[in-house]
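Chemist: Structure for this input, please:
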Amino acid sequence: MPRNEFAGGAAATTLAGSIGSSDLTFTVANAQGWPTGAVGQFTVTVNRGTSGEERVLCAARSENVFTVAQRGYDGTTALAHAGGTVEHTVSGAAINDLVRHRFTVADDDHLQYSRTNGTRAFTGVPAGAPPVASTPGDTQATGSALTIANSLHRHAREAPGGVASNSFVGDAQAAGVSPTLARSDHRHGRESFGAPVGTGTAPANGVLTTLPRSDHVHKGGRIICTSTTRPASPVEGDAIAETDTDRLLVYSGTAWVRTGWWSSAGRTGWSGDRSSIGLGGGGFGFINWNSETFDSDNIFTPDGLNTQLTMPVDGLYAVSVRGQWDTIINERHYVQIDATGPGDHRFIGTGDDLWSASAVIPLVAGSQIGIILHQNSVALRTFTAHLDVYRIGA
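Modeler: As a prediction, the model looks like this:
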């Protein structure tokens, strides 16, 4: 897929007006810090986490006006929006393209690299150096050093016991015998400027060799694993993606460090509603949710009887609840977010006829979240409510 553009400082904003399901431009309230399309297309999500969620692939932005490349992008449906939130997000298509690039070698994305099988020859050399091409099977005497064209590192020919051994493309060497670099995507050409460089006898300027062994380690490959099957002997720079926790980690040399997370569901969480129901004067209790708009991991069954949402995995969760009384209550009343598990959490919110509360809470798998509502009037009052619980980090 073409290159995408990302901007880490793009703050969430809102639509400045309504848009139809086929409109190819839209305007937001404030797009400062957002991608412009100068580097590549970028993804926005309208009304994320609601039944009206739509991802839009954008081609360009001028001030607060966005030009659309594709509506209903990344598996969503193009919808009309009377208003709502607009957020800069990463698409599943972009993540899949990174994974494809890492594991599907046959796609050959890097056309600037030469090949060891000779189907794409080495052509680039520094100014002043003779153009050369590598030939599998060329060797250099034990102990001789070479300066490698277009490379800042040097290699020395080595063989166990001081006996020279030739390396060829496809060699399978015994333990302790120097392997060949011919298995690499790139080739090295012999070069020197003026006198030959190295210890011992060096080949003439322009002579080529297949190098039998490299003393440097290539780092940074990403490994797919679980939290219990991490690499046993990682090196600094190794990266892993854990399929059971959705976490991305990099090895620092002494420990695995979290760098991010993803969700196979696109997002992890639950959204639901409580239709009109009464709460007696001076009463309080957990809200029984009786409908849902989103549930990524069978977190909750909205049957109007259950009250607790059970978290499926460890993570940082954003919780937001809002509701409305049928009439204004002048006496004391409040809504409480109640999170059970290690380090119980409680967050209080108030209001008049409209009330709300929100919190960001670190939770472990199996922790539960419930919403408690209290009102101290003398009469039964009815209310409606909506709850969102989403995992926003690992």
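Chemist: tell me which helix or strand of this protein sits lowest on mean pLDDT?
Modeler: Least confident element among the helices and strands of the chain, by mean pLDDT, DSSP states H and E: strand 154-156 (a mean of 41).
Chemist: Could you point out the helix or strand that follows that strand?
Modeler: strand 222-225 (DSSP states H and E).
Chemist: Look up phi and psi at W34.
Modeler: phi -80, psi 160 (degrees, to the nearest 10).
Chemist: for the helix or strand where G370 lies, packing partners?
Modeler: Using DSSP H and E, G370 falls within strand 368-375. Helices and strands touching strand 368-375, by 3 or more C-beta pairs under 8 Å, 6 or more residues apart in numbering; DSSP states H and E, are strand 283-286, strand 309-310, strand 315-325, strand 333-340, strand 381-393. Using the backbone N, CA and C atoms, a C-beta is placed for each residue, glycine as well.
Chemist: Direction included, what does the first one pair up with?
Modeler: Pointing back at strand 283-286 there. For strand 283-286, the paired strands and their directions (DSSP bridges) read strand 368-375 (antiparallel).
Chemist: Could you check the angle the partner strand makes with strand 333-340?
Modeler: 160 degrees (axes from the mean of the first three to the mean of the last three C-alpha atoms, to 10 degrees).
Chemist: ok, and for strand 368-375, which residues are buried?
Modeler: 369-373, 375 (16 or more other C-beta atoms under 10 Å).
Chemist: Just give me the closest of those residues to G315.
Modeler: I369 (12.4 Å; C-beta to C-beta).
Chemist: wait, the closest one sits on V389?
Modeler: Yes - counting by C-beta atoms under 8 Å, I369 touches V389, with 5.8 Å between them.
Chemist: Okay, now the unreliable bits of the stretch 51-200 of the chain?
Modeler: 105, 111-112, 118, 121-200 (pLDDT under 70).
Chemist: run the last query once more with 80
Modeler: 102, 104-200 (pLDDT under 80).
Chemist: Output the buried residues of strand 368-375 as a markdown table; include the columns distance to G33 and pLDDT.
Modeler: Formatted as a markdown table, the buried residues of strand 368-375 follow (distance: C-beta to C-beta, whole Å; pLDDT from 0 to 100):
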| residue | distance to G33 | pLDDT |
| --- | --- | --- |
| I369 | 32 | 90 |
| G370 | 37 | 90 |
| I371 | 34 | 91 |
| I372 | 38 | 90 |
| L373 | 38 | 88 |
| Q375 | 42 | 84 |
